[in-house]
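Asker: fold the following and give me the result.
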Amino acid sequence: MKYATTIGGRTFRVEVLDDHHIILDGEPYEVDFTAIGSQPVYSMLINGQSLEAHAAPLEEGWQILLHGRMFEARVEDEQAIRVRALAHTAADTTGEYQLRAPMPGLVVGIPVSAGSSVAKGETLVILESMKMQNELRSQKDGVVLEIRIQPGQSVEQNQVLVIVG
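Answerer: Model (predicted):
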């Protein structure tokens, strides 16, 4: 699985090969990662170097204490990155906005209806794909002009789901 981890404005590409091997920005590493007790403390062995870190979940990522320094990290898997990228490239704040399915999936919820006013960032469709529920959000303020799907319906990648004007 591939991830993008952002710390202090810098993004690192991480590919997990197996339980003990990763590739970080193109460089291979041998790792051992173990939680210590019930506390948010982790013991790490990276290429033979021992580290200990405290990690606590935040609303959007993780707060990490390592070597006496506090970091905030945001970790996204490749599917989340694709969803975000497709949503941002599809947005046009002046005309109609067509929300398209970023991947094939099953529509599990539509919390808006035709004629509803929506704000930028408001959830338009909840799409389940690969056992994960993804909230697909409006990229602009507007009115829902058309809903082209129904709950329980399977959709294909790039299929138009909702139109906001």
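
Asker: for this structure, what spans make up the helices?
Answerer: 78-90 (DSSP state H).

Asker: touching, residue 42 and residue 34? I think so.
Answerer: Yes - taking C-beta atoms under 8 Å as the definition, residue 42 is a contact partner of residue 34 at 6.8 Å. For the C-beta atoms, the positions are set from N, CA and C on the backbone; glycine is no exception.

Asker: excluding its backbone neighbours, what's nearest the most centrally placed residue in the chain?
Answerer: With distances taken as C-alpha atoms, centre = their mean, residue 80 lies nearest the centre of the chain, 3.2 Å away. Among residues not flanking residue 80 along the chain, residue 134 sits closest, at 8.0 Å (C-beta to C-beta, 6 or more residues apart in numbering).

Asker: what sits against that neighbour?
Answerer: Going by C-beta atoms under 8 Å, 6 or more residues apart in numbering, residue 134 touches 79-80, 83, 102, 105, 126-128.

Asker: next one: residue 36
Answerer: So residue 36 contacts 42-43, 52 (C-beta under 8 Å, 6+ apart).

Asker: show me the shaky parts of this protein.
Answerer: Applying pLDDT under 70 to the chain flags residues 84-94.

Asker: quickly list what residue 100 is bridged to.
Answerer: residue 160 (DSSP bridges).

Asker: distance check, the residue lying closest to residue 63 once chain neighbours are set aside against residue 33.
Answerer: Closest residue in space to residue 63, ignoring its immediate chain neighbours: residue 56 at 4.8 Å, by C-beta to C-beta, 6+ apart. The spacing between residue 56 and residue 33, counted by C-beta to C-beta, to the nearest Å, is 16 Å.

Asker: picking that back up, so what's the residue count around the residue nearest to residue 63?
Answerer: Using other C-beta atoms under 10 Å, residue 56 has 9 neighbouring residues.

Asker: domains for this protein, by residue range?
Answerer: Here the domain assignment for the chain is 2-77, 92-164, based on automatic domain parsing.

Asker: residue 64: neighbour count?
Answerer: Neighbour number of residue 64 under other C-beta under 10 Å is 18.

Asker: cool, and residue 49?
Answerer: 7.

Asker: look up which residues are beta-bridged to it.
Answerer: residue 46.

Asker: next: residue 70.
Answerer: Counting by DSSP bridges, the residues bridging with residue 70 are residue 65.

Asker: name the member of the contacts of residue 36 with the most neighbours.
Answerer: residue 42 (16 neighbours).
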